[in-house]
Each structure stands twice: as structure tokens, then as C-alpha cells.
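output the structure for:
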Amino acid sequence: MILSDKANMLGVVRPGSKLSSMYQRHTLGIEELKPGFKPFPLLAARKLAKIIDRFDADIIHAHWVKDLPLASLAKRLSRKKPRLVFTRHMKITRYKNDIYHTFFYKNIDLVLAITRQMESDLRRFLPAQLEDRILTHYHGVPEPAKILSTEEKAGLREKPGIPAGAFLAGIFGRIKDTKGQYLVIEAIRKLHAEGHYIHGLIVGHPMDDRYLELLKQEVNASGLSDYIKFMDFVEEPQSWMQVCDVVILASHEETFGLVLVEAMRAGVAVIGSDSGGVPEIIEHDLDGLLFRPADSQALAGQLRMLVDDPQSKKRLAAAGKAKAERVFDQREHFRVLYRYFTDLAGSKRAGSNEQMPD
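Model prediction:
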């Protein structure tokens, strides 16, 4: 289920936004709007208010904190006075209870945190009047479009030159130092020194070409160029995840860790750094493995365990897949989100002051 199956939806995006193509794929309506002066975008808010009234919108759903002033002002200026829902995706580190932030945040009817840790932080840092309007709502991930056969996996491995039977550790995501690709290289180098000749696949678009070049230089200097391969962004990451024996999230700190859930849904064992929202995804040695952040020796130890114990790898992959289907299913994510929206819209029509869904 996606929300457009149940409700009329309109996407309001910045001109030239990459989101436009996503809306078009789902045949959803699009309105383009320049945000204007971000701290107090009054003119843009008037335009958005007119869009809200013309579309007869019951709900505004904002995802970027910098869009909150725009959404909050538009709600106040519109005749429709829709409910405002805000999903917080990034970590919050400072209090938002000053006059400026309170003015905008008081107009939010529901705040959705993507982890329980974030929910706790939001209760701490946001204005006290929002405390009863904050809930945790995990991201949802669809099952893979296709489960690859052994032959198909071998065919994909041939493209970057990875042997069909080799143990392969993959890391997916933007290539930048805080994402920890260098830790994977260091861990693989340590295992090679012990006689464990595993392979690595680093997939993602470089945010800094210099950092990518440094990674490649490190691979070459370590004599690992035949074992560690680089690929740019891929359209179907879950297919490439399926060719891996394990998928690693090595970020110093990740608010959620979507790549882990994608791999789990694909039936692949996962290793994640023990920080941020990752421990809410992985229960150590039950449905995945955790390691100390920024510690390549600790990461090497977890990789070694999977290399030495294939049965544990299979056990963790199966348990991770079951957990992802149970806790992080995309259809359930949207079903619950739709209930939140309809409850809020229903309470508004009934004239209720109650803002939090049951």
C-alpha cells in the first residue's frame, strides 16, 4: 500500500527538485514553489496557503526541518487550516524552545521520530507543549523486486570482477569519510594479514572526489586492488546486496541505518556500528552484529566470525530477514501513517482540540 492508493496527494517541491521524477513515476500531482527567505518565508507561505486551499488539503507533511517555517506559516494563513505533521530524519542536538522556534513548532500537530532514541531527544529539546505529540515511526522498506538465483548472483559478481565463491563484504551509501568506507578497507587488510582473503565491494556516489581517490590509493598501496572493487551509485541496490555475504554500515553515527534494513529484507547478514539508531535495528548476535564505531579491529573481528562460521552467517541472515519483515515493512509503515493522517483529519472535522492519534 502507498498513500496515493487511499488519498489524493500533491507534492510541493522546489523548482528542479529530484523529487519531481519520483512523484511523476507514481503519477502524482506536483506544484513547484521557491521557498524564499527561509527564516521567515512569508511570501512563499502565502503561495503555499493558496495551494492548500485550492487542493482542499487536510494534512501537510513536512520532512525537512528548514521547511517548517514555510509549512507552519502556510497553515496559519490558509483558510483550510490543515493538520501539520513533521517527520524528523536528522539528529537533534540543541534546544528549540526559544521564541523563534516555539512560534513555528507550536503549529505542529504530530512529530514523527524515526527511532526511539530520536523520540527521547525530541522530547528533551523541543518545546514542552509538543511532548504529547511525539511518536516513533520507523522507516519502511519494500521487499526486493526480485530474489536472485545463484546464476544471477554470479553474473552480477562478474561485472566488477569478484569470484563467484569468494566471501564478499559490501558497503553501500554516499562515499564520505564519516560513512566509514576506510574502516572496511582496514578491516579487510587485517584479515588478509591473517590469511582470510575476503573481497570487498564499495558502492556509492562520492561526495568528495579527493576522498574517493584516497580510498583507491589505500587499496592499491595495501595490495588489495584485486580484492576490493568500487562502483558508483546503482539503481537497484538490493540486487547488489544479494551478491554479498554481509552488508556493513560503518558510519561513525547514523540516525537510522536504512541500508541495513534493505539488506535484511534481501536476506543478507548485516554488521553495523554500535551507535545512533543502529542498535534499534540490530540486536547483537541475534539478527546481526554490532561493532565499536570507528574501530577497524572490532569490525575485522565480526567479519572473521562470519568467515569462520558460515552457519552463524546463515542464522543471522534468516533472523534479520524475519525481523525486517515484521518491524520495517513498507506496507505497514504506510498503513500506520495513513491511520495517523485520517485520525488527525477526523479530529479536525469534528472540531476536536485533541491532536495526538491514538
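
where exactly do the helices run in the stretch 1-150 of the chain?
Secondary structure of the stretch 1-150 of the chain (DSSP state H, counting those that start in this stretch): helices at 19-25, 42-55, 68-77, 99-105, 116-125, 150-158.

correction: the previous question concerned the stretch 201-350 of the chain.
Applying DSSP H, counting those that start in this stretch to the stretch 201-350 of the chain gives helices spanning 209-221, 237-241, 258-265, 278-281, 296-308, 310-327, 330-349.

pick out the shakiest of the helices of the stretch 1-150 of the chain, pLDDT-wise.
Note on the helices of the stretch 1-150 of the chain: lowest mean pLDDT is at helix 19-25, with a mean of 76.

just checking, what packs against that helix?
strand 10-13, strand 29-32 (3 or more CB pairs under 8 Å, 6 or more residues apart in numbering; DSSP states H and E). All C-beta spots, glycine's among them, are computed from the backbone N, C-alpha and C.

what residue ranges in the stretch 101-250 of the chain score low on pLDDT?
By pLDDT under 70, the stretch 101-250 of the chain has no low-scoring segment.

mind checking which helix or strand the residue nearest to I188 when sequence neighbours are not counted is in?
Ranked by CB to CB, 6 or more residues apart in numbering and with sequence neighbours excluded, the top spatial neighbour of I188 is G200, at 5.0 Å. Assessed by DSSP states H and E, G200 sits inside strand 199-203.

out of the helices and strands packed on helix 19-25, which gets nearest to D287?
strand 10-13 (34.8 Å; CB to CB).

quick one: the closest one to chain centroid distance?
How far strand 10-13 lies from its chain's middle: 20 Å, per CA atoms, centre = their mean, to the nearest Å.

likewise for stretch 65-83?
With CA atoms, centre = their mean, you get 25 Å for stretch 65-83.

with stretch 248-262 instead?
Centre-to-centre, stretch 248-262 and its host chain are 8 Å apart (CA atoms, centre = their mean).

residues making contact with that stretch?
89-91, 114-115, 118, 138-139, 141, 169-173, 178-181, 183-184, 237-238, 241, 247, 270-273, 275-278, 281-282, 288, 293-294, 299, 324, 328 (CB atoms under 8 Å, 6 or more residues apart in numbering).

how far away is the most centrally placed residue in the chain from H89?
Centroid-nearest residue in the chain, with CA atoms, centre = their mean: L258, separated by 3.9 Å. Using CB to CB, to the nearest Å, L258 is found at 10 Å from H89.

what's the closest of the helices and strands packed on helix 19-25 to G204?
So among the helices and strands packed on helix 19-25, strand 10-13 is nearest, using CB to CB, at 24.3 Å.

export the closest one as PDB, just CAs?
In PDB, the C-alpha atoms belonging to strand 10-13 read as follows (Å, rounded to 0.1, in the frame of the first residue of the first chain):
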ATOM      1  CA  LEU A  10       0.000  16.600  -4.100                       C
ATOM      2  CA  GLY A  11       3.800  17.100  -3.900                       C
ATOM      3  CA  VAL A  12       5.100  20.600  -3.400                       C
ATOM      4  CA  VAL A  13       8.700  20.800  -4.400                       C
END
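
packing partners of that strand?
Using 3+ CB pairs under 8 Å, 6+ apart, strand 10-13 sits against helix 19-25, strand 29-32, helix 42-55.

6 Å instead, please
Using 3 or more CB pairs under 6 Å, 6 or more residues apart in numbering; DSSP states H and E, the elements in contact with strand 10-13 are helix 19-25, strand 29-32.

parallel or antiparallel, list what pairs with that strand.
When pairing is defined by DSSP bridges, strand 10-13 lines up against strand 29-32 (parallel).

can I get the CA coordinates of stretch 199-210 in PDB?
In PDB, the C-alpha atoms belonging to stretch 199-210 read as follows (Å, rounded to 0.1, in the frame of the first residue of the first chain):
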ATOM      1  CA  HIS A 199      36.700  -9.400  -1.000                       C
ATOM      2  CA  GLY A 200      35.100  -6.000  -0.600                       C
ATOM      3  CA  LEU A 201      32.600  -4.100  -2.700                       C
ATOM      4  CA  ILE A 202      32.300  -0.300  -2.100                       C
ATOM      5  CA  VAL A 203      29.200   1.100  -3.800                       C
ATOM      6  CA  GLY A 204      28.100   4.700  -3.800                       C
ATOM      7  CA  HIS A 205      28.400   8.200  -5.200                       C
ATOM      8  CA  PRO A 206      31.400  10.200  -4.000                       C
ATOM      9  CA  MET A 207      30.600  13.400  -2.100                       C
ATOM     10  CA  ASP A 208      34.300  14.300  -2.300                       C
ATOM     11  CA  ASP A 209      36.300  13.000  -5.200                       C
ATOM     12  CA  ARG A 210      39.500  13.500  -3.200                       C
END
